[in-house]
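[1] For reference, the sequence and a predicted model appear below.
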Amino acid sequence: MSGSAASDLAARIDALLPQTQCTRCGFSGCRPYAEAVASGAAQFNRCPPGGTAVLEQLAALLGKAPLALDPAVGVAGDPRVAWIDESRCIGCARCLPPCPVDAIVGAQKYLHTVLAERCTGCELCLPPCPVDCIELRPSARPVPSAELNRARHHAHVRRAERRSAQRAQELAAIKAAARSAE
């Protein structure tokens, strides 16, 4: 398959994925997973948030027989959203960077909360919390649309890149000032 054909197939696969960016498939997000499926490096049955519906759509797109969800990546389930027990939150802000759609708001040394209408239930905020004040709860709301999740994720990535570049500039200025003071 040519590079442009593989890229087109990856884009079509990515368009079917729920864009939760949960990494449960073993890849850093939905697009890298789509690229791996398009290249044949990964099976198409590794998306728990997509459930049976997405697996069937991927099988049809790829012209393959449907597969059951790979049990190694978890199970499909009803939509869930993160919830922060504010009485236990210490304001460490460790949950903010991993949220791929910026559904958690707060700042260092302040309580945090989850914007439930934005949360994709990806679970990425759970491991960094040092006091285990975050849990996933069933959601009566549908998961945000893939298009909206994709846009929020791209905005999150751009913000992180800007912050990283700004911090690198600040550090370079500090180092330059220290060298000139010597």
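    Yep, it's here.
[2] Would you mind listing the buried residues in stretch 92-102?
    By neighbour count, with 16 or more other C-beta atoms under 10 Å as the criterion, the buried positions of stretch 92-102 are Cys92, Ala93, Arg94, Cys95, Leu96, Pro98, Cys99, Pro100, Val101, Asp102. To be clear about C-beta, it is placed using only N, CA and C from the backbone, and glycine gets the same treatment.
[3] wait, what's in contact with the last one?
    When contacts are counted by C-beta atoms under 8 Å, 6 or more residues apart in numbering, Asp102 touches Arg118, Arg152, Ala155, His156, Arg159.
[4] So it belongs to a helix, correct?
    No. Applying DSSP: H, G, I helix; E, B strand; the rest coil, one finds Asp102 to be coil, outside a helix.
[5] okay, now Ile13: neighbour count?
    The local packing of Ile13 (other C-beta atoms under 10 Å) involves 24 other residues.
[6] Hmm, Ala36 and it touching each other?
    No. The criterion here is C-beta atoms under 8 Å, and Ile13 misses it with Ala36 at 9.4 Å.
[7] From Lys175, how far out is the residue most central in space within the chain?
    Centroid-nearest residue in the chain: Gln21, 2.5 Å away (criterion: C-alpha atoms, centre = their mean). Remark: distance between Gln21 and Lys175 (C-beta to C-beta, to the nearest Å) = 34 Å.
[8] per the record, what domains does the chain have?
    Recorded structural domains for the chain (assignment: automatic domain parsing) are 3-73, 78-182.
[9] May I have the distance across the longest one, first residue to last?
    Right, the one you point to is domain 78-182. Domain 78-182 has an end-to-end distance of 61 Å (criterion: C-alpha to C-alpha, to the nearest Å).
[10] now this protein, which segments are flagged as low pLDDT?
    Counting by pLDDT under 70, the chain has low-confidence residues at 1-3.
[11] one step back: how about the residue nearest to the centre of the chain, nearest residue that isn't a chain neighbour?
    By the measure of C-beta to C-beta, 6 or more residues apart in numbering, the closest residue to Gln21 outside its immediate chain neighbours is Pro100, 3.6 Å from it.
[12] which ones are touching that neighbour?
    For Pro100, the residues meeting the contact criterion (C-beta under 8 Å, 6+ apart) are Thr20, Gln21, Cys22, Gly29, Thr120, Cys122, Leu124, Arg152, His153, His156.
[13] Show the end-to-end separation of stretch 7-25, please.
    19 Å.
[14] One more: stretch 116-130?
    For stretch 116-130, the first and last residues are 21 Å from each other (C-alpha to C-alpha).
[15] in it, what's buried?
    Using 16+ other C-beta under 10 Å, the residues of stretch 116-130 that count as buried are Arg118, Cys119, Thr120, Gly121, Cys122, Glu123, Leu124, Cys125, Cys129.
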